[in-house]
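[1] what follows is a predicted protein model with its sequence.
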Amino acid sequence: QLYLEESGGGLVQPGGSLRLSCTASGFTLNYRNIAWFRQAPGKQREAVSCINNERGTTEYVDSVKGRFTISRDNAKNTVYLQMSSLKPEDSAVYYCAAMSLVFRRCPLSEHEYVYWGQGTQVTVSA
């Protein structure tokens, strides 16, 4: 069975940090593009960041640049999203997703991703 599992979400105060993990079962994350998306209540799902898991190159949306860092540990078959300086507007369900192949520049379009996790809730509130 092939699936992705996110963990690490929770409640954090503004300005705080969280690290999300995305672990794959049944397949390897190597040689794929992996991405994080998020969806807040009443809003469309949006891209946050992605990584070319072969080269380690990354992309970020402007709203998280300088605050979030995506990284990988191929030995653990896991991708991380380190989130710092969190803001209330970062509150959302965060999803990781994997492509079936790798593009040189990982895309931030959800239509390219075929494997999805169930999501983990991140709430930023005082």
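    Yes, it's here. Residues are numbered from 1 along each chain as shown.
[2] quick check: phi and psi on the most centrally placed residue in the chain?
    When the chain is reduced to its mean C-alpha position, the closest residue under CA atoms, centre = their mean turns out to be residue 36, at 2.3 Å. When read as degrees, to the nearest 10, the backbone of residue 36 gives phi -110, psi 130.
[3] my read: it touches residue 21, true?
    No - contact status for residue 36 versus residue 21: not in contact, 10.8 Å apart, counting by CB atoms under 8 Å. To be clear about C-beta, it is placed using only N, CA and C from the backbone, and glycine gets the same treatment.
[4] which neighbours do these two share?
    When contacts are counted by CB atoms under 8 Å, 6 or more residues apart in numbering, residue 36 and residue 21 are jointly contacted by residue 79.
[5] give me the element the closest residue in space to residue 34 that isn't next to it in sequence is part of.
    Spatial nearest neighbour of residue 34, excluding adjacent residues (CB to CB, 6 or more residues apart in numbering): residue 79 at 4.6 Å. Counting by DSSP states H and E, the element that carries residue 79 is strand 78-83.
[6] quick check: bridge partners of the residue nearest to the centre of the chain?
    Partner residues in beta bridges with residue 36, using DSSP bridges, are residue 49, residue 96.
[7] who are the contact partners of it?
    Counting by CB under 8 Å, 6+ apart, residue 36 touches 20, 22, 47-50, 70, 79, 81, 94-97.
[8] let me know the closest of the residues you listed to residue 125.
    When those are compared for distance to residue 125 (CB to CB), residue 94 comes out closest, at 15.6 Å.
[9] quick one: contacts of the strand holding residue 79?
    Contacts of strand 78-83 from elsewhere in the structure, counted by CB under 8 Å, 6+ apart, are 17-24, 29, 34, 36, 48-49, 51, 53, 64, 67-73, 90, 94, 96, 122.
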